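**Q** got a predicted structure here, sequence first:
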Amino acid sequence: TAYEIRLSLVGSEMCIRDSMLGPTLEHALGETLRDGGQAILLLNRRGYSCYIACAEPKCGYVLSCSECDARMVEHRLRRGTGGANFVRCHHCLAQQKVPDRCPVCDGRIQLLGMGTQRVEEELEAKFGRVLAAAGAAPGWLVRVDGDTMKTGREFHELLERFARAEVRVLIGTQMIAKGLDFPNVRLVGVINADTALSLPDFRAAERTFQLVSQVAGRAGRGTHAGRVFVQTLEPDAPAIVHAAHHDFESFAREELQFRQGSNLPPVTRMARIVCRDEDLAKAIAAAEAVADALREESNVLQGVEVMGPMPCPVSRIAGFHRISIEIIAPRRGLVQEALMRVRARGLLKSDSRTAVDVDPIALM
């Protein structure tokens, strides 16, 4: 695969321009489309706006889900379909209309942040007329995310259209980051490479490196050289720098040093237990009982470390409070032995209120 990656620092410039695309990426996309090429743009966030808040600085109201410890995300209906724009929780799927005014102070509501819908709207506004004048089909741009692709058949039909060059640009989430092999894709753009970097999960950097590396590989798979533009607010982040230089070994070496110093997998092995209950006190009590039993067993099983109980990063989903305990040990056998001993005491059951995840891949 022949492609080069360029980092593009974006921030206040984008806010001033009120644009999701920085000038470098926008110019490169225009060149690609004029030359008859195709492009893939990645933004790993669905919806239109991800932050709905009161514009009054003294108020501080932010629209959050009533059943989850999470913010609501604005979704917009296509023009002519009728109905009002709405907000949806991406955890429990609850939704409601976008409020006209702040329910606390009656101030103006502002919609901030970006999602694939907003980028789609911007691309249609900036390039739609030019491509229509050049004879491009109306469906030259397609958004690919969980809101538009409901079945595998729909996704495969879209890829067939993309292969025939009926679709010129794909804008989507990680669904388009890997496995696509189209020789006319000359440009790949990562709209915001930082969406996962700040997540409270020790694998955040690893996932960011994987995502940028995977989507970059979609460009330059034919006779034309590919270009990859990564927009980021953290151009010095190791995950982004090493992905831009196709340097997995350097990233892995630095990340393993961090994991070694922090006693985290894969240097160690981990299990995670999440206790759930609609009553917060009951969830905490159940988690404390499990944690106390694990610590008692860790006195016998040398090397087992118990952390928690502590609220999960998303501490409530669909009305259930979530309290977690993490077990870390140098060997998987020690983790399994600790779990088996607590299970034998009747304190640990994998049911609707207790989840046991050995070698968890996500800590949210």
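**A** Noted; the coordinates are in hand.
**Q** for residue 207, I want the exact helix or strand it lies within.
**A** For residue 207, the host element (DSSP states H and E) is helix 204-216.
**Q** next SSE downstream of that helix?
**A** Criterion used, DSSP H and E; the element after helix 204-216 is strand 226-232.
**Q** helices and strands around that following strand, which ones?
**A** Judged by 3 or more CB pairs under 8 Å, 6 or more residues apart in numbering; DSSP states H and E, the packing partners of strand 226-232 are strand 3-9, helix 23-34, strand 185-190, helix 204-216, helix 238-244. Quick note: C-beta positions are derived from backbone N, CA and C, even for glycine.
**Q** if we go to 6 Å?
**A** For strand 226-232, the elements it packs on are strand 3-9, strand 185-190, judged by 3 or more CB pairs under 6 Å, 6 or more residues apart in numbering; DSSP states H and E.
**Q** and the ones you listed, which one averages the lowest pLDDT?
**A** The minimum mean pLDDT among the helices and strands packed on strand 226-232 belongs to strand 3-9 (a mean of 62).
**Q** between the helix holding residue 207 and strand 185-190, how many degrees?
**A** Orientation check (axes from the mean of the first three to the mean of the last three CA atoms, to 10 degrees): helix 204-216 against strand 185-190 gives 160 degrees.
**Q** so what does helix 204-216 touch, helix or strand wise?
**A** Applying 3+ CB pairs under 6 Å, 6+ apart, we find helix 204-216 packed against strand 185-190, helix 238-244.
**Q** distance to residue 157 and mean neighbour count for those - can I get that in JSON lines?
**A** Shown next, in JSON lines, are these (distance: least, CB to CB, whole Å; neighbours: other CB atoms under 10 Å):
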{"stretch": "strand 185-190", "distance to residue 157": "18", "mean neighbour count": "27"}
{"stretch": "helix 238-244", "distance to residue 157": "31", "mean neighbour count": "22"}
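**Q** just put the ones you listed in a markdown table and tack on distance to residue 310.
**A** Shown next, in a markdown table, are those (distance: least, CB to CB, whole Å):
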| stretch | distance to residue 310 |
| --- | --- |
| strand 185-190 | 33 |
| helix 238-244 | 26 |
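**Q** these: which one's closest to residue 31?
**A** Of all the helices and strands packed on helix 204-216, it is strand 185-190 that lies closest to residue 31, at 8.2 Å by CB to CB.
**Q** ok so, going back, pLDDT on the helix holding residue 207, on average?
**A** On average, helix 204-216 scores 89.
**Q** how far away from the center of its chain is that helix?
**A** Relative to the centre of its chain, helix 204-216 is centred 11 Å away, using CA atoms, centre = their mean, to the nearest Å.
**Q** for that helix, which outside residues touch it?
**A** Helix 204-216 is contacted from outside by 5, 42, 177-178, 188, 190, 193, 196-197, 228, 239, 243, 251, using CB atoms under 6 Å, 6 or more residues apart in numbering.
**Q** quick check, nearest of the residues you listed to residue 279?
**A** Closest approach to residue 279 among the contacts of helix 204-216 (CB to CB): residue 196, at 32.4 Å.
**Q** give me every residue that touches the closest one.
**A** 204, 207-208.
**Q** ok, residue 328 to residue 262 distance?
**A** Distance, residue 328 to residue 262, using CB to CB, to the nearest Å: 10 Å.
**Q** show me which of those two is the more surrounded one.
**A** Legend: neighbour count by other CB atoms under 10 Å for residue 328 and residue 262, higher for residue 328 (21 against 12).
**Q** gap between that one and residue 270?
**A** To residue 270, residue 328 is 5 Å away according to CB to CB.
**Q** try residue 94
**A** Between residue 94 and residue 270 the distance is 32 Å, computed by CB to CB.
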